[in-house]
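Engineer: Pasting a predicted model and its sequence here:
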Amino acid sequence: MSYLALYRKYRPKTFDEVVGQESIIKILKNQIKYDRIGHAYLFSGIRGTGKTSLAKVFAKAVNCPHNHDGNPCNVCEVCTKLDSSGVMDIIEIDGASNRGVDEIREIREKVKYPPVIGRYKVYIIDEVHMLTKEAFNALLKTLEEPPEHIIFILATTEPQKCPNTILSRCQRFEIRPISTRLIVDQLKKISDDLRLTISEESLFFVAERGEQSMRDALSIMDQIIDLKDEKGIIQYSDLLDFLGMAAQDRINELVGNILKRNPEEVIKNLRDLEDGGKESALIMEQLIKTLRDLLIIKTTGQLRNKILKTDEKTLSAFDTLAQAADFNLFVNMIDFLIQEKNKLKYNSLQNLILEIACLKLCEFEATPKAVAEKNEFSEFSKSKTAISPGVRVYPIESRQAKPNTLSGKEQTDSGLGESDKEKVIVPVTEDKELAKNENQDEKVKSVSGKKLFDKLCKQIGPAQCMFLKKAHPDYDGQVFTIAFSEEDRNYISFINTPERIADFEKILKDETSQDIKVIVTVEKEDFSELDLAEKTRRIINDPAIEIIGD
């Protein structure tokens, strides 16, 4: 078979050809240049970022007698022989298929033999986390004190599955995900080498589908090569059809109708996309990405060109869409869609889930409803309309007629003018039994509120529970307020979603058999620290009412 996959054909042969791992490469090259080579290394990171490639280059470089600046020369006799399959100085082992203790014992027996042509014999164990517990234990002593001519290089995508006893014996290097920009630059070099004509927009699309993995991006590139026409041109529309993705202008049209709150056009857009063979999961991903781009437009100003890396036509369209809503709306939409995307993984009704999610987006508000209601009435929520215990409201005829003494019975309003609209609030101290009962009711509410709050924390997921515990609950028998401090206001976006509020209200109803409204807000001030007169003034918020005893 003469054809080589692109990720094999363009596998790095020197450190300088490795993409996106500059700090790690610098360390490895200096270790070779100054002869500070370790006996065990661990390369960890996501798939397709260069773990095995780095291991192979390093294994060749430590044996090359003519290495230049730490790079193997690739032309000397040693390098040439190491590239052939007959030399056993570089031994690659698949940890997934050689995971037992017997295979490790075989390695222990063979490490005593010196290399044939080079200075070191290098063992590269890929997917080392697949070894059994017994195999790891058998490897420990050899890994800690191998012969001077032995180097172990372990590679894994899941280092957390390796025992700490193994990790502590290795020099550990975290291979970072590769940025989209670097992947695009590499794909451009490869397409030029293959004499392909492909737009940068298409290369960005391929790079993003690679999800920061060079190998995944090259695998997609391997497939789309044959989309070229007689002139070697790959059309962007053909690329979209092949990958099942929608054109950006179609997604922009969908987002625009969502922001206009036009459900009829939203459904029409989705139907057109589905009829064109676009997958629901991919449409959801593109929706999330587009809303994220609009959020970037909204917050970064001139930095947007550098961050988004797209053409001026798309930027202009984003500018128009970004003006249609505010920051909070985009944040809430993205948070909601991420939760909905998780439903698509194991559900056959993906089209229905996508349609319902988009229709719900049409009802989203820029500012959460609870916060909007609160802001209509000074700094405190209007939901706290009940008069505080020990306070009564009396109509008064005039300033001279206002009561200044209290009797054991409630004063009557006889003789007062019907047109008199003023009221006065006075503290009630004579009815001790009433105050006692009211205080007892408040105490019961407080205990009940804490119990309900603990119930909410237990019923939701661990991530949301972590955010919820940052809040201060307040329950008055009808409204359950979840208030975050100014320092923790960023957590509101994780809690204040329509679905989460509905879940909370259902939990509270199941617990109390009552319809309790849930409000998520930001606390502006510690209400409990105010004196009685100030509390009363804040709650009433009416300058026409005078407070006696102030």
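Structural biologist: That came in fine, so what should we check first? Residues are numbered from 1 along each chain as shown.

Engineer: Could you find the closest non-adjacent residue to Ser44?
Structural biologist: Pro159 (4.0 Å; CB to CB, 6 or more residues apart in numbering). Just so you know, the C-beta spots here come from the backbone N, C-alpha and C atoms, and that holds for glycine as well.

Engineer: and what of Leu131?
Structural biologist: Nearest non-adjacent residue to Leu131 (CB to CB, 6+ apart): Arg99, at 4.9 Å.

Engineer: what about that neighbour, distance to Pro163?
Structural biologist: Per CB to CB, to the nearest Å, Arg99 is found 14 Å from Pro163.

Engineer: Between those two, tell me which one has more neighbours.
Structural biologist: The residue with more neighbours, out of Arg99 and Pro163, is Arg99; 20 against 15, by other CB atoms under 10 Å.

Engineer: The more buried one: what secondary structure?
Structural biologist: coil (DSSP: H, G, I helix; E, B strand; the rest coil).

Engineer: Pull up the gap between it and Ile90, please.
Structural biologist: Distance from Arg99 to Ile90, by CB to CB: 21 Å.

Engineer: and if you look at Tyr475?
Structural biologist: From Tyr475 over to Ile90 (counting by CB to CB), the distance is 68 Å.

Engineer: try Val57
Structural biologist: Where Ile90 is concerned, Val57 sits at a distance of 11 Å (CB to CB).

Engineer: So for the two, which sits in the more crowded spot?
Structural biologist: A direct count of neighbours by other CB under 10 Å for Val57 and Ile90 places Val57 higher, at 26 against 22.

Engineer: just the strands in the stretch 251-400 of the chain please.
Structural biologist: 391-395 (DSSP state E, counting those that start in this stretch).

Engineer: Kindly apply the preceding question to the stretch 1-150 of the chain instead.
Structural biologist: So, for the stretch 1-150 of the chain - with DSSP E, counting those that start in this stretch - the strands run 40-44, 90-94, 121-126, 150-156.

Engineer: quick one: which of those is nearest Lys360?
Structural biologist: strand 40-44 (39.9 Å; CB to CB).

Engineer: for that closest one, which positions count as buried?
Structural biologist: Residues Ala40, Tyr41, Leu42, Phe43, Ser44 are the ones in strand 40-44 that count as buried (16 or more other CB atoms under 10 Å).

Engineer: and what of stretch 308-326?
Structural biologist: Leu308, Thr310, Thr314, Ala317, Phe318, Leu321, Ala322, Ala325.

Engineer: Reformat the residues you listed as TSV; add distance to Arg8.
Structural biologist: Listed next are those as TSV, based on distance: CB to CB, whole Å:
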residue	distance to Arg8
Leu308	33
Thr310	32
Thr314	35
Ala317	40
Phe318	39
Leu321	42
Ala322	43
Ala325	47
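
Engineer: Please identify which pair of the residues you listed lies farthest apart.
Structural biologist: Thr310 and Ala325 (19.9 Å).

Engineer: Lys9: which of the buried residues of stretch 308-326 is nearest?
Structural biologist: Thr310 (29.8 Å).

Engineer: Just the local confidence number for that closest one, please.
Structural biologist: Looking at Thr310, its pLDDT reads 69.

Engineer: For this protein, name the helix or strand with the lowest mean pLDDT.
Structural biologist: Here the helix or strand of the chain ranked lowest by mean pLDDT, DSSP states H and E is helix 369-375, holding a mean of 37.

Engineer: Below-threshold pLDDT in the stretch 251-400 of the chain: ranges please.
Structural biologist: Along the stretch 251-400 of the chain, the model assigns pLDDT under 70 to residues 301-302, 305, 309-311, 365-400.

Engineer: where along it do the helices fall?
Structural biologist: 263-275, 280-300, 304-308, 312-322, 327-344, 350-361, 369-375 (DSSP state H, counting those that start in this stretch).

Engineer: got the contact list for stretch 285-296?
Structural biologist: The contact list for stretch 285-296, computed with CB atoms under 8 Å, 6 or more residues apart in numbering, reads 208, 245-246, 248, 251-252, 254-255, 304, 307-308, 310, 318, 321-322, 325, 327, 330-331, 333-334, 337-338, 341, 358.

Engineer: If any of those are buried, put those into a PyMOL selection.
Structural biologist: Buried subset of these, written as a PyMOL selection, criterion 16+ other CB under 10 Å:
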select buried, resi 208+245+246+248+251+252+254+255+304+308+310+318+321+322+325+330+331+333+334+337+341+358
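
Engineer: and the closest residue to Ala317 other than its chain neighbours, what does it touch?
Structural biologist: Once flanking residues are discounted, Ala317 sits nearest to Asn252: 5.1 Å by CB to CB, 6+ apart. By CB under 8 Å, 6+ apart, the contact set of Asn252 is Thr290, Ala317, Phe318, Leu321.

Engineer: Please spell out which residues along the helix or strand containing Leu218 are buried.
Structural biologist: Under the criterion of DSSP states H and E, Leu218 resides in helix 214-224. Buried residues in helix 214-224, defined by neighbour count with 16+ other CB under 10 Å: Met214, Arg215, Asp216, Ala217, Leu218, Ser219, Ile220, Met221, Asp222, Ile224.

Engineer: Of those residues, just say which sits nearest to Asp510.
Structural biologist: Asp216 (45.6 Å).

Engineer: Skipping its backbone neighbours, what lies nearest that closest one in space?
Structural biologist: Gly210 (4.2 Å).

Engineer: could you pull out the helices for the stretch 451-550 of the chain?
Structural biologist: According to DSSP H, counting those that start in this stretch, the helices that the stretch 451-550 of the chain contains are 462-468, 492-495, 498-512, 532-540.

Engineer: and the second one, how far from the chain's centre?
Structural biologist: Pointing back at helix 492-495 there. 13 Å (CA atoms, centre = their mean, to the nearest Å).

Engineer: please begin residue numbering at 875 from this point
Structural biologist: Yes, from this point I'll number from 875; that puts the last item at helix 1366-1369.

Engineer: helices or strands up against that helix?
Structural biologist: helix 1201-1218, helix 1336-1342, strand 1391-1396 (3 or more CB pairs under 8 Å, 6 or more residues apart in numbering; DSSP states H and E).

Engineer: pLDDT (mean, whole number) over it?
Structural biologist: Rounded mean pLDDT across helix 1366-1369 is 74.

Engineer: Export that helix to PDB, keeping only CA atoms.
Structural biologist: Output of helix 1366-1369 as PDB, limited to C-alpha atoms (Å, rounded to 0.1, in the frame of the first residue of the first chain):
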ATOM      1  CA  ILE A1366     -26.300  33.800  39.100                       C
ATOM      2  CA  SER A1367     -26.000  32.700  35.400                       C
ATOM      3  CA  PHE A1368     -25.500  29.100  36.500                       C
ATOM      4  CA  ILE A1369     -28.600  29.100  38.700                       C
END
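
Engineer: Name the surrounding residues that touch it.
Structural biologist: Helix 1366-1369 is contacted from outside by 1202, 1205-1206, 1209, 1242, 1337-1338, 1341-1342, 1345, 1356, 1358, 1394-1396, using CB under 8 Å, 6+ apart.

Engineer: Not counting sequence-adjacent ones, nearest residue to Trp1394?
Structural biologist: Actually, residue 1394 is Val. It isn't Trp. Asn1370 (4.1 Å).
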